[in-house]
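J.: the following block contains a protein sequence and its predicted model.
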Amino acid sequence: MFKLNKGEYIDDFSIISDGMKITGSIDTKGNVRIDGAVTGHVSAGGNVTIGDNGMVEGDVTAKTMTIGGKVLGSVNVVEKLILEQGSRLTGDLVAKILVIEEGANYSGKCEMKAPSAKIEPKPEVKPITKSAGKFEFSSFLKQEPKP
């Protein structure tokens, strides 16, 4: 049994051992450790750990993730992503917390955001116009600031 948060435990733990190769998707509510090779998407409700010899060619979604090996694909982590020394991530990532150790290799776009944060639409911005020899600032300057 593994503890995620206060009062939240996950019994499910899967291991893809060194030398094992999987072609296809992995979908679990629990945790998974990959020391072998996976060609396909990985989705876990808990932690995903890619060991030093582990490799994933596909997108990975997890609550938390630690990469010691290689990932070729996009990574979407709800909480914390750790790129350990010697790891390699090639692909875009989204995470609330990102830790990159010295010697890790990362190539891609990164977006840091809290999972519960609401993304509000940007207000419409009207350009400054010139009217009858005077500059008029658009109405967006007259709006009250949001608290």
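T.: Everything's here; your move.
J.: give me the number of residues near Glu111?
T.: 10 (other CB atoms under 10 Å). C-beta coordinates here come from the backbone N, C-alpha and C atoms, glycine included.
J.: that one reaches Leu93, doesn't it?
T.: Yes: if you go by CB atoms under 8 Å, Glu111 and Leu93 touch, sitting 7.3 Å apart.
J.: where does Gly40 fall, phi/psi-wise?
T.: Backbone geometry at Gly40, expressed as degrees, to the nearest 10, gives phi 150, psi 180.
J.: ignore what I typed, I meant Gly68.
T.: According to degrees, to the nearest 10, Gly68 has phi -110, psi -20.
J.: dump the residue contacts of it.
T.: Thr49, Ile50, Gly51, Asp52, Gly54, Glu84, Gly86, Ser87 (CB atoms under 8 Å, 6 or more residues apart in numbering).
J.: mind checking how far it is from Glu84?
T.: 5 Å (CB to CB, to the nearest Å).
J.: and stretch 27-36, what's buried?
T.: Going by neighbour count (16 or more other CB atoms under 10 Å), the buried part of stretch 27-36 is Thr28, Gly30, Asn31, Val32, Arg33, Ile34, Asp35, Gly36.
J.: mind putting those into JSON lines with secondary structure and distance to Ile15?
T.: As requested, those are exported to JSON lines (DSSP: H, G, I helix; E, B strand; the rest coil; distance: CB to CB, whole Å):
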{"residue": "Thr28", "secondary structure": "strand", "distance to Ile15": "11"}
{"residue": "Gly30", "secondary structure": "coil", "distance to Ile15": "11"}
{"residue": "Asn31", "secondary structure": "strand", "distance to Ile15": "9"}
{"residue": "Val32", "secondary structure": "strand", "distance to Ile15": "8"}
{"residue": "Arg33", "secondary structure": "strand", "distance to Ile15": "5"}
{"residue": "Ile34", "secondary structure": "strand", "distance to Ile15": "8"}
{"residue": "Asp35", "secondary structure": "coil", "distance to Ile15": "7"}
{"residue": "Gly36", "secondary structure": "coil", "distance to Ile15": "9"}
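J.: please consider this matter closed, and thank you.
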